[in-house]
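Chemist: What would the 3D arrangement of this be:
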Amino acid sequence: MDISVEQVSFLMPRILRICGRLHMVGASTLVNNFGPDGELMVRQWLRRFGFWRGKEMRKGHMSLGLPINVETLMKNWDSAASFHLEEKWKTEAYFSPYNVKTPSKRDEGGCPMSDPWIENDFWQWGHVLCDELHIQIARGYHPDAVVVIPVCIMKREDRCEFNWVMPPDARKPEPIDPYPGQDVLNDWKINNEKDKAVKCLRRSMRVAAARSYFLWEVLSEYRPMEAVTVFNRIMKEWAASRATALKKEIESNGWGTDANSLLSYYDYPYEIVWGINKEVKPNGIEIEVSYCPFAETWGWLGGLNSMQPYCENCYSVMSSNGNPKLTANVLKCKTRGDKNCLIHIKKAD
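Modeler: Below you'll find the predicted structure:
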């Protein structure tokens, strides 16, 4: 499927809003169920996830032979999150190897992740994500790097201002070994604009997968007896929230609501990033998935089998909430040990 930078600029805000919904559902559930322990779990979730992201970017940038400094970090982000900001940054941002300042204005869509937080008065724990996540990304990327956010949308201000800094005499950090089977250079080397767009989206999906994994990791460590039940509930509520948002988008754009249209306009870019073989049938579609960036990432992190609740809930809840006439069944799944995934989305009997 052809893809352009312009299409990524359309897709990425949707993806960021999905991530915002997971944080909102996950953090609310942990805090409401476990009180102060839940608050600590939210922070641990964000810290581990952020530190992992920083290290993955260091790994990728080193594979390209780039210097590890904050200018490299911000100009070569792991996801496509900054695509819609690049033009503004040409005139409004400041870049140097050891000091970078990047603004994100609320009224210009600077932080799509915060959209569901603002809609639901989720200010405090949205702000916690801003603080906890970004400092750990900086530290994972370079042990001497830091970031401060003196102005923040989640403090009810009109923009975010990020200031990334590190000392000019900082030593080059240690390289990080790739995961078994991970081709780091291929993931980061850009051959043309289309290649850039696809690879940015693929990395964005790996980031999304890691976000859900580290939630599970923290739950399983802090509340092992309740972890499966709570994680399953979070995955189900998150899928329902995504489905509601997708349904509104479908209705406002006049997109179709049959099974094939649902896949084409799905909030994650299945037809671009996933390796799928789709067969359209009279009553729906059958999708065989040979490559899944979520399963790939969960496998790297050692949590593939534990992530079954995501797959068990996302397709069924997204389909039925997006269109009550549809049902979805996951007949095979990589999280169960199958080589490929097999999903049926069809009209309800």
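Chemist: Can you pull the phi and psi angles for V147?
Modeler: When read as degrees, to the nearest 10, the backbone of V147 gives phi -140, psi 140.
Chemist: Just list the residues touching it, thanks.
Modeler: 134-135, 137-138, 162-165 (CB atoms under 8 Å, 6 or more residues apart in numbering). Where C-beta positions appear, they are placed from N, C-alpha and C, glycine not excepted.
Chemist: List the contacts of the residue lying closest to V184 once chain neighbours are set aside.
Modeler: Spatial nearest neighbour of V184, chain neighbours left out: S63 (4.4 Å); criterion: CB to CB, 6 or more residues apart in numbering. Counting by CB under 8 Å, 6+ apart, S63 touches 184-185, 188-189.
Chemist: From H127, how far off is S63?
Modeler: In this view, S63 and H127 are 34 Å apart by CB to CB, to the nearest Å.
Chemist: What count of nearby residues applies to the nearest residue to E296 once chain neighbours are set aside?
Modeler: Counting by CB to CB, 6+ apart, R206 is the residue found nearest to E296 once chain neighbours are left out, at 7.1 Å. A count of nearby residues for R206, using other CB atoms under 10 Å, gives 21.
Chemist: R206 sits in which helix or strand?
Modeler: helix 193-222 (DSSP states H and E).
Chemist: in that helix, what counts as buried?
Modeler: The neighbour-count check on helix 193-222 (16 or more other CB atoms under 10 Å) flags 196-220, 222 as buried.
Chemist: next SSE after it?
Modeler: helix 227-253.
Chemist: one step back: now rank the contacts of S63 by neighbours and give me the top one.
Modeler: In the contacts of S63, the most neighbours by other CB under 10 Å go to W188, 20 neighbours.
Chemist: Hmm, that residue is touching C200, no?
Modeler: No. In this structure, W188 is not within contact of C200 by CB atoms under 8 Å, at 10.0 Å.
Chemist: all strands for the stretch 51-200 of the chain, in order.
Modeler: For the stretch 51-200 of the chain, applying DSSP state E, counting those that start in this stretch gives strands covering 94-96, 99-105, 146-151, 159-165.
Chemist: Next, format those as a markdown table and append mean pLDDT and distance to S9.
Modeler: Below are these laid out as a markdown table (pLDDT from 0 to 100; distance: least, CB to CB, whole Å):
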| stretch | mean pLDDT | distance to S9 |
| --- | --- | --- |
| strand 94-96 | 95 | 20 |
| strand 99-105 | 91 | 15 |
| strand 146-151 | 96 | 24 |
| strand 159-165 | 94 | 19 |
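Chemist: Between the ones you listed, which one is closest to L46.
Modeler: Among the strands of the stretch 51-200 of the chain, strand 146-151 comes nearest to L46, with 13.7 Å by CB to CB.
Chemist: Parallel or antiparallel, list what pairs with the closest one.
Modeler: strand 159-165 (antiparallel) (DSSP bridges).
Chemist: Run the angle between the strand it pairs with and strand 99-105 for me.
Modeler: Here strand 159-165 points in a direction 170 degrees away from that of strand 99-105 (axes from the mean of the first three to the mean of the last three CA atoms, to 10 degrees).
Chemist: can you offset everything so residue one is 684?
Modeler: OK, 684 is where the count begins now, so the last one is strand 842-848.
Chemist: quick one: buried residues of strand 842-848?
Modeler: In strand 842-848, counting by 16+ other CB under 10 Å, buried: 843, 845-848.
Chemist: Does S779 touch M757 like I think?
Modeler: No. Counting by CB under 8 Å, S779 sits too far from M757 to count as a contact (10.6 Å).
Chemist: Neighbour count: these two, which is higher?
Modeler: Shown here are S779 and M757; by other CB under 10 Å, M757 has more neighbours (18 against 12).
Chemist: who are the neighbours in contact with that one?
Modeler: Residues in contact with M757 (CB under 8 Å, 6+ apart) are 765, 778, 783, 785, 847.
Chemist: For stretch 1015-1028, give me every contacting residue.
Modeler: Contacts of stretch 1015-1028 (CB under 8 Å, 6+ apart): 942, 945-946, 967-973, 975, 978, 981, 987-988, 990-991, 993-994, 998, 1002, 1009-1014.
Chemist: how does it look with 7 Å?
Modeler: Applying CB atoms under 7 Å, 6 or more residues apart in numbering, the contact partners of stretch 1015-1028 are 942, 945, 967-973, 975, 978, 987-988, 990-991, 994, 998, 1002, 1009, 1011-1014.
Chemist: Using PDB, list the CA coordinates for it.
Modeler: Extracted C-alpha coordinates of stretch 1015-1028, given in PDB (Å, rounded to 0.1, in the frame of the first residue of the first chain):
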ATOM      1  CA  LYS A1015      -5.400 -18.400  15.900                       C
ATOM      2  CA  CYS A1016      -3.100 -16.000  17.700                       C
ATOM      3  CA  LYS A1017       0.700 -15.500  18.100                       C
ATOM      4  CA  THR A1018       0.100 -14.900  21.800                       C
ATOM      5  CA  ARG A1019      -1.200 -18.500  22.000                       C
ATOM      6  CA  GLY A1020       1.900 -19.900  20.200                       C
ATOM      7  CA  ASP A1021       0.400 -20.000  16.700                       C
ATOM      8  CA  LYS A1022       2.700 -19.100  13.800                       C
ATOM      9  CA  ASN A1023       0.100 -16.700  12.400                       C
ATOM     10  CA  CYS A1024      -3.000 -15.000  13.700                       C
ATOM     11  CA  LEU A1025      -6.400 -15.700  12.100                       C
ATOM     12  CA  ILE A1026      -9.200 -13.300  12.700                       C
ATOM     13  CA  HIS A1027     -12.800 -13.500  11.400                       C
ATOM     14  CA  ILE A1028     -14.900 -10.300  11.400                       C
END
